[in-house]
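[1] Task: produce atomic coordinates for the following.
(chains A, B, C and D)
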Number of protein chains: 2
Amino acid sequence: MPRGDVAGSQTTKATLALRELIFAGELEAEQRVPEIGLAERLGVSRTPLRLAFATLAHEGLLRALPGGGFVVCSFSLTDVSDAIELRGVLEGTAARFAAERLESEAELSGLVDVTEQLDIVVAERAPVLEQFVELNDEYHGALVELAKSDAITRAIANVVALPFASPGALIASQAALAREQEILVVAQHQHRAMLEAVRAGHGARAEEIAREHARLAMLNLELVLGSEPALERLPGAPLMRRAV
Amino acid sequence: MPRGDVAGSQTTKATLALRELIFAGELEAEQRVPEIGLAERLGVSRTPLRLAFATLAHEGLLRALPGGGFVVCSFSLTDVSDAIELRGVLEGTAARFAAERLESEAELSGLVDVTEQLDIVVAERAPVLEQFVELNDEYHGALVELAKSDAITRAIANVVALPFASPGALIASQAALAREQEILVVAQHQHRAMLEAVRAGHGARAEEIAREHARLAMLNLELVLGSEPALERLPGAPLMRRAV
DNA sequence: CGGCGCCGAACTGCATGCAATAGGCTCTCG
DNA sequence: CGAGAGCCTATTGCATGCAGTTCGGCGCCG
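    Numbers count the residues shown, from 1 in each chain, chains lettered A, B, ... in the order given. The predicted model follows:
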């Protein structure tokens, strides 16, 4: 099955499956990941699995041991907080770039579309969180695209690879929490504000809103941490450690 | 030579050598990198070389082709500019974190040391650029360390992997340019200002200075682009393309 | 009884063989 | 003479064998 780094390659398969396994907590954190056993378990050979190891190591999910082999990383609360803040900084820069580089109203059509759809979802009496998360991801993707910068895109992709740092990760898990509705309303308000700031070419304002928007995820995290059932819905929750 | 991801492993050797080759422009940009020929040339097998490919692809120096294989990335002026601006943003965040998280004056000792050494170098009638670059890298490294955040550290490492985005890259190549001395003085002024801002706990100011400090690299880039001999000293210069 | 050293096994990193594909070249046909 | 299709080769992705090392267990000595 040569000549194909595309989806369907063994390497891709191994990477996705391994990431899933890690997020699900099937692999004990801070413990050596066995190469051979995993190869059988995932149905791939050791060579593509090693490639997957390298990829996840670059993403920060695995850490290479000095003596060889890899361990699953664990994250302190500070680590998670930093990742979220960092995402805010990067998305802030993306928003600023978007504002500074906007050439025509037409470029905004995608973002406008998503924003309006989000408006509808949030306005419902009982918003469907899955819909919100999906649209939310779309919104953030569209915004980053408007920055027109590969460097920014890649940097954000790297940060978001961490399970908790993703825009929608913390929303999905907090279903049925008391302040759910409130947070959604605020988030959507910020979405609209960012859109307007970008449209008006107000880069600095767009940047600041994006940063604050990410901090909403921090608030979410605190809420989720206080709720056992919500925690169980959070992908990658087993990777968090209480003590430093 | 098993059980050793440490230096000396074939993978590490291949990665370093390959990066060097790319920076030197020995591999034509936007052209398929031959796996077999390179393996012989670097004296490693194809397996570790493939690992090196994956690493450099994550760093943004290589790009995976849809049909398999890799090509050396080329960078437009905008790409380089974005990378530098992004480094500024990230170092700005690092500086802010450093200011916000400083616990004692003692933590600053390393940074203070480097700053004073830089003072001496800059004060000389004919500053030795190599010394400045080395100390400059040290300064930036120390500042990032003070941020006390793995996420930031990794993000910056990713950006700096691009040849031009590195703090000292553009300084080293501009020897004998007219405004060399001026730029060094300004840079060092900013170094001192950042140190003071961090010491005083002024996160916002530290952040802004760091951003402006990175933009000095942009100015450097423009100068270097106007000078053929300076361009030849710039690592990775062959990767830049004039037209978009 | 505890610490130290040795031995074994398991595991990892590396090299290479194999199979399959994509692109290039040629040959043929319109 | 140009365009399309078919074959062929070069090249990549994958699987597996091999060798070396590191860690755990066990025995010995103090």
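[2] in which helix or strand would I find A:I152?
    For A:I152, the host element (DSSP states H and E) is helix A:150-160.
[3] right, quick check: the following helix or strand past that helix against chain B, any contact?
    Scanning forward in sequence from helix A:150-160 by DSSP H and E, the next helix or strand is helix A:169-172. No: contact of helix A:169-172 with chain B is not found when judged by CB under 8 Å from any CB of the partner chain; the minimum separation is 15.3 Å. From N, CA and C alone the C-beta is placed, and that goes for glycine too.
[4] Now tell me what touches helix A:169-172 from outside.
    Contact with helix A:169-172 is made by A:129-130, A:132-133, A:136, A:163-164, A:183-184, A:187, A:217, A:220-221, A:224, A:233-236, as judged by CB atoms under 8 Å, 6 or more residues apart in numbering or on different chains.
[5] Which residue ranges of chain A form helices?
    Assigned by DSSP state H, the helices in chain A fall at A:10-23, A:35-42, A:46-59, A:77-101, A:109-123, A:129-146, A:150-160, A:169-172, A:180-200, A:203-225, A:228-233.
[6] for the fifth one, the distance to its chain's centre please.
    Going back to what we said before, that points to helix A:109-123. 20 Å (CA atoms, centre = their mean, to the nearest Å).
[7] Would you mark the buried spots in it?
    By neighbour count with 16 or more other CB atoms under 10 Å in any protein chain shown, helix A:109-123 contains the buried residues A:110-111, A:114-115, A:117-118, A:121-122.
[8] Check the fourth one too.
    Using 16+ other CB under 10 Å as the burial criterion, the residues of helix A:77-101 that qualify are A:79-101.
[9] got it, and the third one?
    In terms of neighbour count (16+ other CB under 10 Å), helix A:46-59 has its buried residues at A:48-59.
[10] which of the contacts of helix A:169-172 count as buried?
    By neighbour count, with 16+ other CB under 10 Å, the contacts of helix A:169-172 hold A:129, A:132-133, A:136, A:163-164, A:183-184, A:187, A:217, A:220-221, A:224, A:234-236 as buried.
[11] For stretch A:145-161, give me every contacting residue.
    Residues outside stretch A:145-161 that contact it (CB under 8 Å, 6+ apart) are A:58-61, A:83, A:86-87, A:90-91, A:93-95, A:97-98, A:101-102, A:107-108, A:110-111, A:144, A:165-167, A:198, B:60, B:78-79, B:82-83, B:86, B:90, B:151, B:154-155, B:158-159, B:162.
[12] Can you get me a residue count around the nearest residue to A:V133 once chain neighbours are set aside?
    Counting by CB to CB, 6 or more residues apart in numbering or on different chains, the nearest residue to A:V133 once its immediate chain neighbours are dropped is A:G168, at 3.7 Å. Here the count is done by other CB atoms under 10 Å in any protein chain shown, and A:G168 has 19 residues near it.
[13] distance of A:G168 from A:G92?
    With distances taken as CB to CB, to the nearest Å, A:G168 is found 18 Å from A:G92.
[14] ok, now A:P48?
    37 Å.
[15] Now do the contacts for A:E208.
    Contacts for A:E208 (CB under 8 Å, 6+ apart) come out as A:G92.
[16] What separation do you get for it and B:R96?
    Using CB to CB, A:E208 is found at 14 Å from B:R96.
[17] now do A:G226
    Computed as CB to CB, the A:G226 to B:R96 distance reads 28 Å.
[18] Where does the prediction get shaky in chain A?
    A:1-7, A:174-178, A:242-244 (pLDDT under 70).
[19] What sits closest to the residue positioned nearest the centre of it if chain neighbours are left out?
    Per CA atoms, centre = their mean, the C-alpha nearest to the average position across chain A is that of A:S166, at 1.7 Å. Excluding its sequence neighbours, the residue lying closest to A:S166 (CB to CB, 6+ apart) is A:V160, at 5.0 Å.
[20] what's the burial count for the one you found?
    A count of neighbours around A:V160, defined by other CB under 10 Å, yields 21.
[21] Check A:Q10 too.
    18.
[22] wait, what's in contact with the closest residue to it other than its chain neighbours?
    Closest residue in space to A:Q10, ignoring its immediate chain neighbours: A:P48 at 3.9 Å, by CB to CB, 6+ apart. By CB under 8 Å, 6+ apart, the contact list for A:P48 reads A:9-11, A:13-14.
[23] Show me the subset of the residues you listed that also lies near DNA strand C.
    By CB under 7 Å from any atom of the strand, no member of the contacts of A:P48 lies near DNA strand C.
[24] Residue numbers of chain A in contact with chain B?
    Residues of chain A lying near chain B by CB under 8 Å from any CB: A:2-6, A:47, A:50-51, A:54-55, A:58, A:60, A:64-68, A:78-79, A:82-83, A:85-86, A:89-90, A:93, A:97, A:149-152, A:154-155, A:158-159, A:162.
[25] Since that was my last question, I'll sign off now.
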